[in-house]
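Colleague: Sequence and predicted structure below; questions after.
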Amino acid sequence: MPLRAVLWDLDDTLFDYTGSDRAGVLRHLRAEGLLDTYGGETVALERWQTAMETEFARFLAGEVGFLDHRRGRARTFLGTPLSDTEADAWFGRYITHYEACWTLFPDSAPALAALAPLARQAVLSNATTANQERKLTALGIRARFEAVFCADGLGHAKPAPEAFRGACEALGVTPGEVVHIGDKLDIDALGARDAGLTAVWLDRAGTGGEPPAGVRRIGSLSELPELLHGVIGFGAPSTIR
């Protein structure tokens, strides 16, 4: 069965979320005079990462909404019982620094361009639609994608098979006609494989060892066109250029 569409994860796959976040929060903490208060760069970044992972997991589980997840990140990091207004203001100042640091990985734009004549392309993300649409536009790559599918619109988050299959259904293709590319082995690659898609794991860190059965691993997006050309016959050219 020919490949007809590519579903892309965005954060830490095409967009350097981790690098942008680290740079942004360090700018924020310096501006707030809080870097030394929270142990310096290394300790503060670890505390920030823990707060993000804890509160984002609550958001994905449906325990809190997106704004409340952000407020929770501020409160958890600071260890302070902020009001909603205070938490919104503090997190908003971080967002300003974070967005100033937004950047794509160097291999992202070339990979999108290489695949554009060969297959339809869309985004599948666990973040909110409004946030990812704005991010893609700011990064200058929104026009590469036929659609942007996010957890809030689909009603399911990766690795749930309903998230992958919902995106496929919206594109009018079967899971067997779609490849998903993402940086998380469990959420992206194994979730896509178990939903019936071709799974490509972008392992930028080079963790080593054999990937799980049914998962193809690459260390850079520059490897992707050759991998897909060598394994899958393309079909249904994209209308997006």
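Modeller: It's in. Numbers count the residues shown, from 1 in each chain.
Colleague: if I look at Asp16, how far off is Arg204?
Modeller: Using C-beta to C-beta, to the nearest Å, Asp16 is found at 10 Å from Arg204. In this view, the C-beta of every residue, glycine as well, is placed from N, C-alpha and C.
Colleague: What's the local residue count around the nearest residue to Glu177 once chain neighbours are set aside?
Modeller: Computed as C-beta to C-beta, 6 or more residues apart in numbering, the closest residue to Glu177 that is not its neighbour in sequence is Arg4, at 4.2 Å. Using other C-beta atoms under 10 Å, Arg4 has 23 other residues around it.
Colleague: Arg4 and Val178 touch, don't they?
Modeller: Yes - the criterion here is C-beta atoms under 8 Å, and Arg4 meets it with Val178 at 6.9 Å.
Colleague: Put the alpha carbons of stretch 141-154 into CSV.
Modeller: Extracted in CSV, the C-alpha atoms of stretch 141-154 (Å, rounded to 0.1, in the frame of the first residue of the first chain):
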residue,chain,number,x,y,z
ILE,A,141,6.2,26.6,8.1
ARG,A,142,2.4,26.6,8.4
ALA,A,143,1.9,26.6,4.6
ARG,A,144,3.7,23.2,4.4
PHE,A,145,0.8,21.5,6.2
GLU,A,146,-2.6,20.5,4.9
ALA,A,147,-4.0,20.4,8.5
VAL,A,148,-3.0,20.7,12.1
PHE,A,149,-4.6,18.1,14.4
CYS,A,150,-4.3,18.6,18.2
ALA,A,151,-5.6,16.8,21.3
ASP,A,152,-8.2,19.5,22.1
GLY,A,153,-9.7,19.1,18.6
LEU,A,154,-9.5,15.3,18.3
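Colleague: Now do that stretch, average pLDDT.
Modeller: Stretch 141-154 carries an average pLDDT of 96.
Colleague: Pull out the buried residues from that stretch.
Modeller: The neighbour-count check on stretch 141-154 (16 or more other C-beta atoms under 10 Å) flags 141-142, 144-145, 147-154 as buried.
Colleague: go on, stretch 89-106?
Modeller: 90-91, 94, 97-98, 101-102, 105.
Colleague: Adding pLDDT and secondary structure, write the residues you listed out as a markdown table.
Modeller: Listed next are the buried residues of stretch 89-106 as a markdown table, based on pLDDT from 0 to 100; DSSP: H, G, I helix; E, B strand; the rest coil:
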| residue | pLDDT | secondary structure |
| --- | --- | --- |
| Trp90 | 97 | helix |
| Phe91 | 97 | helix |
| Tyr94 | 96 | helix |
| His97 | 97 | helix |
| Tyr98 | 96 | helix |
| Cys101 | 97 | coil |
| Trp102 | 97 | coil |
| Phe105 | 98 | coil |
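Colleague: Export these as a markdown table, with columns for distance to Arg134.
Modeller: Conversion of the buried residues of stretch 89-106 to a markdown table gives the following (distance: C-beta to C-beta, whole Å):
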| residue | distance to Arg134 |
| --- | --- |
| Trp90 | 21 |
| Phe91 | 16 |
| Tyr94 | 16 |
| His97 | 16 |
| Tyr98 | 13 |
| Cys101 | 15 |
| Trp102 | 10 |
| Phe105 | 19 |
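Colleague: just how off-centre is the helix or strand of the chain with the lowest mean pLDDT within its chain?
Modeller: Considering only helices and strands, the least confidently modelled element of the chain by mean pLDDT, DSSP states H and E is helix 224-231, at a mean of 76. Computed by C-alpha atoms, centre = their mean, to the nearest Å, the chain-centroid distance of helix 224-231 equals 22 Å.
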